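**Student:** after the sequence you'll find the predicted model.
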Amino acid sequence: MFLPEDQIASIDLADTDRALADRSFYDFVEMSWDEVEPASKFIPNWHIEAIAEHLQYTIDGDLTRLVINVPPGSGKSLLCCVFYPAWVWVKDARKKTIFASYSDRIAFRDARRTRSLVNSQWYKERWGESVRLRTDEQAIAKFSTDKGGFRLATTVRGGVTGEHADIQMADDPIKPFDVTGSLHTSKRALDDVLRWWTETMASRLTSFDKAVRIIIMQRLHENDLAGAMLKDMGYEHLMLPMEFEPKRKCFIETTGFEDPRIKEGELLFEERFPQEAVNRIRKDLGSRGAHAQLQQNPIPAEGSIIKESYFRFYDQLPPRFHLIVQSWDCTFKDGDTTDYVVGQVWGMFNEQYYLIDQVRDRMGFVDTCRAVRMLSAKWPKAIFKIVEDKANGPAVVDALKKDIAGFKLVNPEGGKIARCHAVEPLWESGNVFVPKPENAPWVNEFIEEITGFPARAHDDQVDGMTQALVFLRKKHFGRLREALDKI
């Protein structure tokens, strides 16, 4: 029996597609694009190849931990959460996968697209014999193959009880609002996501050694999930900013990948995002949002609120001060990830403010009391010792007030961000001075934290600074009022 020429051509094409897909995930994406996105043309670009290559390494190579940071609109969700699970079953229909996002709408949207692709006539003609979905388990939240594989969609706050996966993927595990709102909300949201990934999801692996864990997101905070996992957790980092920064050029030794761009500012995907569009997006996002979501750097180069250009340095202190104070942030806890205890000494001369000294360490109650005594002995002219009337501050004051005079418990007004904005004009006008780093090496970390706030993991030095400057400024205006009353 002879087959018609069109059927022979169809069989030959299917055989070719199967061979290409087995060899290359990128080829699979290109050939199946119309099944998922029939209304839009596939636009090839090197960054798509880079993402596809690293996803392929998780199946064909030894890559089991991967963080992908790319700008919004780069096709990351399509590649990672739609095409990738369908291709994984091309390689092995037994694979169990879990895909999670901060939103059930997004999680289920991508699951629906994957299911539609696997159920498409095009897919069935090529892999229908090896990849068959069970008719009794085809819900959007979870659909399975007849060989035991499944694709489960969930959220960060959703449940995965009883399920263990060969591949886990977190796609945008936190929404931008959670880290651009109040700092309290931000920290709670960040902690919730980190706990979910390191505790809940870490216990839902088929193999702790061989299972694959992938995080894809835009950077939003220094201590977001991507940032936390990139700190000695064994994750490879595919980081592709919208505009090229030579100093942050991505190179991955394991895979041999290197960002091919050379020129400063060279665009990631110019055919889709030309410079005019990037400028418009940057304006809409603002400085902090653009650095985080476009450049994958949650710390803007010039700082968020207090910019690096605001800093003024001194070699020598003025011969006298109108007032010297200590400012203490006494939030002490056990552990290596909690905030530091910080004590700062600030001096005011006219309307100029000088950071004179600082102690900063993770300390318990006894060590904190010892540090207060030490700084008070070193700077006896620091009449006021300002301590926030929260956390462990009152306990420290109660323990020391009989021996050391001048403690003043204060309740700062507004949130941390509001207080930083309140003192920003002092910095911008050049009225705040810090010691030169060569004279006080600890100033480098002080600058990093101040300019990075509120995207830095710690804010204890910021708290000490804003508390001191707000107090000193009130004292300054009090002196002015007294002088005016005498006229």
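**Tutor:** Structure's in. What do you need?

**Student:** for the stretch 51-200 of the chain, just list every one of the helices.
**Tutor:** 76-77, 84-91, 104-119, 121-127, 176-180, 183-195 (DSSP state H, counting those that start in this stretch).

**Student:** now for these, which one comes closest to Leu323?
**Tutor:** For the helices of the stretch 51-200 of the chain, the distance to Leu323 is smallest for helix 183-195, at 29.0 Å, taking C-beta to C-beta. C-beta here means a position set from N, CA and C on the backbone, and glycine is covered the same way.

**Student:** just the CA trace of the helix or strand following the closest one, in CSV.
**Tutor:** Scanning forward in sequence from helix 183-195 by DSSP states H and E, the next helix or strand is strand 212-217. Written as CSV, here are the backbone C-alpha positions of strand 212-217 (Å, rounded to 0.1, in the frame of the first residue of the first chain):
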residue,chain,number,x,y,z
VAL,A,212,16.2,20.3,39.8
ARG,A,213,15.3,23.6,41.4
ILE,A,214,14.9,26.7,39.3
ILE,A,215,14.0,30.3,40.3
ILE,A,216,13.0,32.8,37.6
MET,A,217,12.2,36.4,38.5
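
**Student:** can you flag the weakest of the helices of the stretch 51-200 of the chain by average pLDDT?
**Tutor:** Per-stretch mean pLDDT for the helices of the stretch 51-200 of the chain is lowest at helix 176-180 (a mean of 63).

**Student:** hmm, Glu35 is touching Leu117, no?
**Tutor:** Yes. With contact defined as C-beta atoms under 8 Å, Glu35 reaches Leu117; the gap is 5.4 Å.

**Student:** between the helices of the stretch 51-200 of the chain, which one is closest to Arg280.
**Tutor:** helix 176-180 (17.6 Å).

**Student:** send over stretch 278-286 as PDB, restricted to the C-alpha atoms.
**Tutor:** Output in PDB follows, covering the C-alpha atoms of stretch 278-286 (Å, rounded to 0.1, in the frame of the first residue of the first chain):
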ATOM      1  CA  VAL A 278      13.100  51.100  27.400                       C
ATOM      2  CA  ASN A 279      13.300  54.800  28.300                       C
ATOM      3  CA  ARG A 280       9.500  54.900  28.700                       C
ATOM      4  CA  ILE A 281       9.500  51.800  30.900                       C
ATOM      5  CA  ARG A 282      12.400  53.100  32.900                       C
ATOM      6  CA  LYS A 283      10.400  56.400  33.500                       C
ATOM      7  CA  ASP A 284       7.300  54.400  34.600                       C
ATOM      8  CA  LEU A 285       9.200  52.200  37.000                       C
ATOM      9  CA  GLY A 286      11.300  55.000  38.600                       C
END
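
**Student:** one step back: ranking the helices of the stretch 51-200 of the chain by burial, who's on top?
**Tutor:** Mean neighbour count (mean count of other C-beta atoms under 10 Å) peaks for helix 84-91 among these, with a mean of 24.

**Student:** what sits up against that helix?
**Tutor:** By C-beta atoms under 8 Å, 6 or more residues apart in numbering, the surrounding residues in contact with helix 84-91 are 21-22, 25, 28-29, 32, 55, 59-60, 95, 97, 99, 114, 117-118, 123, 127, 130-131, 145, 149, 151, 167, 169.

**Student:** so of those residues, which ones are in strands?
**Tutor:** 97, 99, 145, 151, 167, 169 (DSSP state E).

**Student:** right, and the fourth one touches Thr114 too?
**Tutor:** In other words, Arg151. Yes. The criterion here is C-beta under 8 Å, and Arg151 meets it with Thr114 at 6.0 Å.

**Student:** before we move on, the earlier item: residues shared between the contacts of Glu35 and Leu117?
**Tutor:** What both Glu35 and Leu117 touch, as defined by C-beta under 8 Å, 6+ apart, is the set Tyr123.

**Student:** what segments of the stretch 351-487 of the chain are helices?
**Tutor:** If DSSP H, counting those that start in this stretch is used as the criterion, the helices of the stretch 351-487 of the chain fall at 365-378, 393-400, 416-428, 443-452, 460-486.

**Student:** out of the ones you listed, deepest packed?
**Tutor:** Among the helices of the stretch 351-487 of the chain, helix 443-452 has the highest mean neighbour count (mean count of other C-beta under 10 Å), at a mean of 19.

**Student:** ok, Leu323 touching Ile386?
**Tutor:** No. Using C-beta under 8 Å, Leu323 is not in contact with Ile386, being 11.4 Å away.

**Student:** out of these two, which sits in the busier spot?
**Tutor:** Neighbour tally, Leu323 and Ile386, criterion other C-beta atoms under 10 Å: the higher count belongs to Ile386, 25 against 17.

**Student:** hmm, Gln467 and that one touching each other?
**Tutor:** Yes. When contacts are counted by C-beta under 8 Å, Ile386 is listed as touching Gln467 (5.7 Å).

**Student:** and for the two, which residues touch both?
**Tutor:** Residues touching both Ile386 and Gln467 by C-beta under 8 Å, 6+ apart: 327, 410.

**Student:** burial of the nearest residue to Met31 once chain neighbours are set aside, as a residue count?
**Tutor:** Leaving aside its sequence neighbours, Met31 sits nearest to Asp17 (C-beta to C-beta, 6 or more residues apart in numbering; 5.6 Å). Neighbours of Asp17 under the rule other C-beta under 10 Å: 20.

**Student:** what do you get for Asn411?
**Tutor:** Counted with other C-beta under 10 Å, Asn411 comes out at 7.

**Student:** could we number from 790 for the rest of this?
**Tutor:** Renumbered: residue one is now 790, and that last one reads Asn1200.

**Student:** so how far is Asn908 from Glu824?
**Tutor:** Separation of Glu824 from Asn908 (C-beta to C-beta, to the nearest Å) stands at 10 Å.

**Student:** revised request: answer the last question for Glu1227.
**Tutor:** 66 Å.

**Student:** list the contacts for Phe1040?
**Tutor:** Per C-beta under 8 Å, 6+ apart, neighbours of Phe1040: 1046-1048.

**Student:** quick one: which helix or strand includes Asn1068?
**Tutor:** Assigned by DSSP H and E, Asn1068 falls in helix 1064-1078.

**Student:** does anything pack onto that helix? Which helices or strands?
**Tutor:** Secondary-structure packing of helix 1064-1078 (3 or more C-beta pairs under 8 Å, 6 or more residues apart in numbering; DSSP states H and E): helix 965-969.

**Student:** wait, Asn1220 touches Phe1138, no?
**Tutor:** No. Between Asn1220 and Phe1138 there is no contact under C-beta under 8 Å: 10.2 Å.
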